[in-house]
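Novice: fold the stuff below for me.
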Amino acid sequence: MKTPLKSLRAINPFFLTCSTIVVVVTLFLYRNTFIDFVESKTYDFRLISRGRIEPSQSIVLAVIDEKSIAMEGRWPWPRSKIADLVDILSRDGAKVISFDVGFLEPDENTQFEFIDRIEHQLDTLDIHSVPLTNFITESKKNANNDRVLAEAIYNSTAKIVLGYFFHMNAADLDYRLEAEKIEQQIARINRSKYPLILHNGDEKETRFIQAYAPVGDLDILAASTDAAGYYSVRSDPDGVIRWMPLIIQCGQDIYPPLSVVSAYHYLDRPRLMVEVDEQGVEGIRMGQLFIPTDETGQLLINYLGPPKTFPHISISDILGGGVPKGTFKDKIVIVGGTAAGTHDTRSTPFAPLYPGVEIHATVIDNILTAKFMVKPRWTLIYDLAAIIMLAVLAGLALPRIGPLKGLLLVAALFYLYIFFAYWFLFHFKLWLNIAYPLLALIFNYTVLRVHGYITKDRERKKIQGTFKQYVAPLVIEEMIKDPSKLKLGGEEKELTILFNDIAGFTSLSERHSPTEMVSMLGSYFEKMTEEIFSNRGTLETYRGDGFMAIFGAPVEREDHAKKACDAALAMQNRLIELQEGWAKTGHPLLTARTGINTGPMLVGNLGCKYRFVYGALGDNVNLASRLEGLSKEYNTEILIGNNTANKVGDSFLLREIDLVRVKGREVPVRIYELLARASTPLFADREEADGLYSSGLEAYRHQAWREALAYFNRALSVRKDDGAAKTMAARCKIYQGTPYKDNWDGVFEQPNW
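Specialist: Model prediction:
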């Protein structure tokens, strides 16, 4: 009788691939919400990784920022202040002034109300005077800030584009709008509608984005200019704004946004029309310029960078005369809020809090420079083809190659496809789908790998059974992932090697029983091995009273040098704990020395066909062993080589000990004592002693023996157990009688190592 596992083994990989394609294509056609969310995030990441692009020099933002709020008062400001702003920008030569704010309610003006009360009181007292009446009438006129702003707009040499917004549906309102009021609001914006719709092909009803009702500016302001555009935006389901609706239908007409109207007037009012076909909107024609949209009339926004990509000028600076003359000449000036109190920040690919005014500036820039991001209808066919192609490539190759090569192939296809999609976005401004094709690749890889895992489970168990008693569990896992590790010879890698040895173990063995020493040695190895493993090291072997550990293999790590140093320091602390326990039981106190070195070496199966031996070989391995031996010469606990010191950088506190030439190497090695993690403060005496040692080492290298000896002795007076200072002081005493040598390089040699 066949078990489910046996049945799964019998399934053809081709059938699994076809099934994968069917599943992913179904998800694609019916639009899975989560995968669409992931795809949107890939678009965001593509834009961010592209980096900032310099915007057009034609756009400047006059912003209601925190500085303006502090200087001019809480928003909204009196309309007279906005009128002053319009006058200043107009006099400076602005070509278009667009408002990303609405003037929806009459201005609250206490001065106007005061004059009105005076007039009423005069009528009550039956006081009539023609000059007084004329004065009051003129004062009321001047105090009407809405009229003041309307006159400023009407008289401006710049084209003023007012902003308004749409209620997209009745559910957005907490009150009911009567049909008559909706018509009144539509009448306010009627002059700003698109003038023409061009049908390419059979004329059919086009489904535009629908709005319930507009909320326009006051009649007195709306009548002062024929240019207005909505500043309403629509976010994707995740709350991020990636598209700008360039067409919204309200009633029987369709309307443009603030950005389109601003660009239209900046380009001197070329012919403007909406082009549609049987499938929906194609785009907007503005003279010779064509603005591509999706079938509903939305533009994919080509964001240029993070907030403040466009120049921000505080309105308080403009009103205060602090802006150089000509700053706004021949520019589109967009007035909008960036302060928290204006409540106009949106979530965009570049930032979760992005000024809404910069979104409109970005769309205007896209239009003026004709740098549009596009997602044409034909990409649907391309996306389906990419889904099938990647799944088929994986299905053909994976059953024929091993797990590692399969993973590399999938990774290569994964990154190549991402690169391909990125390249198309950067060079052709084309959004190609990443999520669904890569889902097909990963899903098919997973299905085929599970199938392969089940069919090769017997081989896996065989490897585990053969080698689990000889190598560390990590090595076994690496061999299972890549059986080529079983081949003789290994591979060359940059790794870090740690050698550790118990000091004076031979003499201790002579004075204590073998049972006692074996017990202590077992406890020592257990604690030290725990620290090696906890820092992701591999124990190569125990060697008498010492051991060797590898960091960075078989599992690769970039921080192998840091991990080796962490392990050495942790081993020191564990040894102190052991010493405290041994002291209580009357056992001898063991001390240990450690040498660490980093560099290229051969690692892998270094045994023979009869026996598997995982280890490392090479000159850098030998140097680690030499450094452990040098610890005895310099009376230090942990010595590291120059390569390791360079790798760990500023992560650890190090003290340079000497420049030595070890046996078998012509090039001298700079050696360091590993003291502690950089975050660990040293005692004051330690810092002082280390400083004196460094000064002594400098004098030593200049053959200033007496000066060097004085520094080393002072270091010993501060810290009596400074073993390196003792060694160097003794050496200086020997060298004091030697003559000065011009060719001495400061390198210490000990030929008997």
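Novice: only C-alpha atoms from now on, for both contacts and neighbour counts.
Specialist: Noted.
Novice: just the strands from the stretch 301-450 of the chain, written as ranges.
Specialist: For the stretch 301-450 of the chain, the strands defined by DSSP state E, counting those that start in this stretch cover 312-314, 332-337, 345-346, 354-355.
Novice: Ile182 touches Ala211, doesn't it?
Specialist: No: counting by CA atoms under 8 Å, Ile182 does not reach Ala211; the two are 11.2 Å apart.
Novice: quick revisit: next, format the strands of the stretch 301-450 of the chain as JSON lines and append mean neighbour count and distance to Ala570.
Specialist: Shown next, in JSON lines, are the strands of the stretch 301-450 of the chain (neighbours: other CA atoms under 10 Å; distance: least, CA to CA, whole Å):
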{"stretch": "strand 312-314", "mean neighbour count": "20", "distance to Ala570": "54"}
{"stretch": "strand 332-337", "mean neighbour count": "25", "distance to Ala570": "56"}
{"stretch": "strand 345-346", "mean neighbour count": "19", "distance to Ala570": "50"}
{"stretch": "strand 354-355", "mean neighbour count": "22", "distance to Ala570": "48"}
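Novice: so which of those strands is nearest Ser235?
Specialist: Ranking the strands of the stretch 301-450 of the chain by proximity to Ser235 (CA to CA) places strand 345-346 first, at 8.9 Å.
Novice: got a list of contacts for that closest one?
Specialist: Val240, Ile241, Thr338, Pro352, Leu353, Tyr354, Pro355, Gly356 (CA atoms under 8 Å, 6 or more residues apart in numbering).
Novice: how about 6 Å then?
Specialist: For strand 345-346, contacts defined as CA atoms under 6 Å, 6 or more residues apart in numbering pick out Leu353, Tyr354, Pro355, Gly356.
Novice: one step back: with respect to Glu540, which of the strands of the stretch 301-450 of the chain lies nearest?
Specialist: Among the strands of the stretch 301-450 of the chain, the nearest to Glu540 by CA to CA is strand 354-355 (55.0 Å).
Novice: before we move on, back to that, quick one: the strands of the stretch 301-450 of the chain as TSV, columns for mean pLDDT too.
Specialist: Below are the strands of the stretch 301-450 of the chain laid out as TSV (pLDDT from 0 to 100):
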stretch	mean pLDDT
strand 312-314	95
strand 332-337	95
strand 345-346	92
strand 354-355	94
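Novice: could you export those as TSV, including distance to Ile454?
Specialist: TSV is the format used below for these (distance: least, CA to CA, whole Å):
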stretch	distance to Ile454
strand 312-314	62
strand 332-337	61
strand 345-346	50
strand 354-355	51
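Novice: for the stretch 451-600 of the chain, which residues score under the pLDDT cut-off?
Specialist: 453, 455-476, 478-489, 506, 510 (pLDDT under 70).
Novice: just the strands from it, written as ranges.
Specialist: 491-503, 537-543, 546-551, 591-605.
Novice: for Gly723, find the nearest of the ones you listed.
Specialist: strand 591-605 (12.7 Å).
Novice: which stretches of the stretch 401-550 of the chain form helices?
Specialist: Taking DSSP state H, counting those that start in this stretch as the criterion, the stretch 401-550 of the chain contains helices spanning 403-428, 435-455, 457-467, 473-481, 505-511, 514-534.
Novice: what's the most buried one of these?
Specialist: Ranked by average neighbour count under the criterion mean count of other CA atoms under 10 Å, the helices of the stretch 401-550 of the chain are headed by helix 435-455 at a mean of 20.
Novice: name the helices or strands packed onto that one?
Specialist: helix 379-397 (3 or more CA pairs under 6 Å, 6 or more residues apart in numbering; DSSP states H and E).
Novice: relative orientation of the helix it packs on and helix 403-428 in degrees?
Specialist: 160 degrees (axes from the mean of the first three to the mean of the last three CA atoms, to 10 degrees).
Novice: residues near Thr225, how many?
Specialist: 19 (other CA atoms under 10 Å).
Novice: from Tyr154, how far out is it?
Specialist: According to CA to CA, to the nearest Å, Thr225 stands 6 Å off from Tyr154.
Novice: now do Arg449
Specialist: Distance, Arg449 to Tyr154, using CA to CA: 72 Å.
Novice: ok so, going back, out of the contacts of strand 345-346, who's nearest Val63?
Specialist: Using CA to CA, those come closest to Val63 at Pro355, 9.7 Å.
Novice: leaving out the residues flanking it, which one is nearest to the closest one?
Specialist: Thr345 (4.5 Å; CA to CA, 6 or more residues apart in numbering).
Novice: if we can go back for a sec, export the contacts of strand 345-346 to JSON lines and tack on distance to Val518?
Specialist: Formatted as JSON lines, the contacts of strand 345-346 follow (distance: CA to CA, whole Å):
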{"residue": "Leu353", "distance to Val518": "66"}
{"residue": "Tyr354", "distance to Val518": "68"}
{"residue": "Pro355", "distance to Val518": "72"}
{"residue": "Gly356", "distance to Val518": "74"}
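Novice: of all the strands of the stretch 301-450 of the chain, which lies closest to Gly229?
Specialist: Nearest of the strands of the stretch 301-450 of the chain to Gly229, taken as CA to CA: strand 332-337 at 12.3 Å.
Novice: okay, now the sheet partners of the closest one, with direction.
Specialist: Strand pairing for strand 332-337, using DSSP bridges, gives strand 59-64 (parallel), strand 96-99 (parallel).
Novice: what residues does the longest one touch?
Specialist: Right, the one you point to is strand 59-64. 311-315, 331-338.
Novice: what's the spacing between the nearest residue in space to Glu531 that is not next to it in sequence and Met520?
Specialist: Nearest non-adjacent residue to Glu531, counting by CA to CA, 6+ apart: Ala567, 5.6 Å away. Plainly put, Ala567 is 20 Å away from Met520 if you go by CA to CA.
Novice: just Gln703 next, same as before
Specialist: Separation of Gln703 from Met520 (CA to CA) stands at 45 Å.
Novice: which SSE is immediately downstream of the lowest-mean-pLDDT helix or strand in the chain?
Specialist: Between all helices and strands in the chain, the lowest mean by mean pLDDT, DSSP states H and E belongs to helix 4-10, at a mean of 45. For helix 4-10, the following helix or strand on the C-terminal side (DSSP states H and E) is helix 13-29.
Novice: pull the CA coordinates from the helix or strand where Glu180 lies and hand them back as PDB.
Specialist: Using DSSP H and E, the element containing Glu180 is helix 179-189. Backbone C-alpha positions of helix 179-189 (Å, rounded to 0.1, in the frame of the first residue of the first chain) are rendered in PDB as follows:
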ATOM      1  CA  ALA A 179     -29.600  69.100  -4.500                       C
ATOM      2  CA  GLU A 180     -29.900  72.800  -4.900                       C
ATOM      3  CA  LYS A 181     -26.800  73.400  -2.700                       C
ATOM      4  CA  ILE A 182     -24.900  70.800  -4.700                       C
ATOM      5  CA  GLU A 183     -25.800  72.700  -7.900                       C
ATOM      6  CA  GLN A 184     -24.600  76.000  -6.300                       C
ATOM      7  CA  GLN A 185     -21.300  74.400  -5.400                       C
ATOM      8  CA  ILE A 186     -20.900  73.000  -9.000                       C
ATOM      9  CA  ALA A 187     -21.700  76.500 -10.400                       C
ATOM     10  CA  ARG A 188     -18.700  77.800  -8.400                       C
ATOM     11  CA  ILE A 189     -16.300  75.500 -10.200                       C
END
